[in-house]
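K.L.:
here are the coordinates; sequence isn't available:
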């Protein structure tokens, strides 16, 4: 009898140990990327009155962890490429992508491919804007089971050229937020909840042009502020998505990540942060962001975290949560940078930079206090002109006009009522934009001076020199895509135009790696394209 008792106790102990050490199932991930949302244009990091047009987002943020130091790039494409690849803009460039550009090296592994390798089903509904020179750049070729979206950076909300996997259409005239929202709900409804899901939802809203949703002056009443109405329409679908996840018993094992791709611009408001999109100020790169969902520990719901996060970190973080290695190193290591030879190409044609992002989850949920403290003061190279280190932020200049469509920059502070407070250029010489022959940096303590009103560069010249040198040396390791020809595939602009026209598109799309163009005679293509362009 005693032997039986001991045997039962032993089996119970084994069972209890297995229960404690068992690895939880990979979480569902919903990543929502709002376009050009201002820091103040929402109810969770901005104005309280904004809750009426962002109630679902506000509710999610209140049930999660608001990220008060979440950074992106100062404009669109680099942010999106960082999310997909885990690399900082330092390692894929700061230019905007176009349908025919090679901006993500085809040797790299996308986050979708990482998750696919461990059983995830992946969905992408919305904006692309990451460069699609080759068919192998298309989302449906990079681990996304379903893709419906547009390749350009902006356009009419009812007249976009949309792509269903690799087929273009000009006939879909539904308001883009409604189309992407309905597709999202349909995909989640069909999804097998026992299988891990990665849902990437990069809205077009609230990017210009400001076009009110169809419900305005109808079911949702007057829309006096069009930007708010555009956000409310996206927010409506986010609320429905949340309810659907709960209905399907998926929510408790779901991580929701929300951020804007950069700061607000135009009608957007980044109060209390300085500046707007396309600048080097906090208003361009510190974004409204939070994490939510059942994966967030109950004790942390309704809290804030000031750990310093870059959007590239989500690559590594999601890989580790899913149980797959985030490593994506080059088989051949790059050479070391040489400050005495700034023109040295440390990569050549055979190597490339690895993943820059780090796993922020242990620090975010309090599993590692030491890491949490270090992340609050980590060094981040945000752009060619901006370095953050500890409490200090160095701004050498404003972004180069060569990296964007030249425009007038707003370097002051926008107030809650929408008016702008101007600045004294003499006090902030780091406003250099068009004239870039000589730079005079600014230095700010962004812990005590979040609004970047007190330039302390003259008081701390040694720190300015040290940080400027670190920025310059780091940038010697800059990299832009150089996808091998064998991965790009055969390139033919003429044949690709014919191909996309034949499928009902505008003719604009990937120009390399199209199977029907592999044997096309392009001997007279250059002459034809010169006449076509003329």
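P.N.:
Structure's in. What do you need? Just so it is clear, the structure is predicted and the values come from calculations on it, not from any experiment.

K.L.:
hey, which helix is longest across this protein?
P.N.:
Determined from DSSP state H, the single longest helix within the chain is helix 226-247.

K.L.:
Against which helices or strands is that one packed?
P.N.:
strand 28-34, helix 55-62, helix 176-190 (3 or more Cβ pairs under 8 Å, 6 or more residues apart in numbering; DSSP states H and E). Where C-beta positions appear, they are placed from N, C-alpha and C, glycine not excepted.

K.L.:
Could I get the buried residue list for it?
P.N.:
Neighbour counts over helix 226-247 (16 or more other Cβ atoms under 10 Å) mark 226-238, 240-242, 244-245 as buried.

K.L.:
Relative to residue 199, how far out is residue 324?
P.N.:
The spacing between residue 324 and residue 199, counted by Cβ to Cβ, to the nearest Å, is 18 Å.

K.L.:
Tell me which of these two has more neighbours.
P.N.:
Taking other Cβ atoms under 10 Å, residue 324 and residue 199 do not tie; residue 199 has more neighbours (23 against 20).

K.L.:
strands paired with the helix or strand following the longest helix of the chain, and their directions?
P.N.:
Next helix or strand after helix 226-247 toward the C-terminus (DSSP states H and E): strand 254-260. Strand 254-260 sits in its sheet next to strand 28-34 (parallel), strand 289-292 (antiparallel), going by DSSP bridges.

K.L.:
count of neighbours near residue 379?
P.N.:
By other Cβ under 10 Å, 14 other residues sit near residue 379.

K.L.:
State the number of residues packed around the nearest residue to residue 259 once chain neighbours are set aside.
P.N.:
Leaving aside its chain neighbours, residue 259 sits nearest to residue 289 (3.8 Å; criterion: Cβ to Cβ, 6 or more residues apart in numbering). Using other Cβ under 10 Å, residue 289 has 25 neighbouring residues.

K.L.:
and residue 289, what does it touch?
P.N.:
Counting by Cβ atoms under 8 Å, 6 or more residues apart in numbering, residue 289 touches 45, 66, 67, 70, 257, 258, 259, 260, 309.

K.L.:
cool, residue 386 as well?
P.N.:
Taking Cβ under 8 Å, 6+ apart as the test, what residue 386 contacts is 280, 285, 393, 394, 395, 396, 471.

K.L.:
next one: residue 214
P.N.:
Counted by Cβ under 8 Å, 6+ apart, residue 214 has contacts 175, 178.

K.L.:
Relative to residue 175, how far out is it?
P.N.:
Counting by Cβ to Cβ, the gap from residue 214 to residue 175 is 5 Å.

K.L.:
Equivalent analysis for residue 165, please.
P.N.:
22 Å.

K.L.:
out of these two, which sits in the busier spot?
P.N.:
When neighbours are counted by other Cβ under 10 Å, residue 165 and residue 175 differ, and residue 175 comes out ahead with 20 against 13.

K.L.:
quick revisit: quick one, which of the strands paired with strand 254-260 gets closest to residue 169.
P.N.:
Residue 169 lies closest to strand 28-34 among these, at 22.9 Å (Cβ to Cβ).

K.L.:
Helices of the stretch 251-400 of the chain, residue ranges please.
P.N.:
For the stretch 251-400 of the chain, applying DSSP state H, counting those that start in this stretch gives helices covering 282-285, 313-322, 361-364, 369-375.

K.L.:
Remind me what the third one packs against, helices and strands.
P.N.:
Right, the one you point to is helix 361-364. Where contact means 3+ Cβ pairs under 8 Å, 6+ apart, helix 361-364 is packed against helix 313-322, helix 369-375.

K.L.:
Packed most tightly, which of those helices would that be?
P.N.:
Scoring the helices and strands packed on helix 361-364 by mean neighbour count under mean count of other Cβ atoms under 10 Å gives helix 313-322 as the most buried, with a mean of 24.

K.L.:
what about residue 222, neighbour count?
P.N.:
Residues lying near residue 222 (other Cβ under 10 Å) number 10.

K.L.:
Could you verify my assumption that it touches residue 215?
P.N.:
No: under the criterion of Cβ atoms under 8 Å, residue 222 is not in contact with residue 215, lying 10.7 Å apart.

K.L.:
Just the pLDDT at the closest residue to residue 297 other than its chain neighbours, thanks.
P.N.:
Excluding the flanking residues, the one nearest residue 297 by Cβ to Cβ, 6+ apart is residue 365, at 5.5 Å. With respect to pLDDT, residue 365 has a value of 93.
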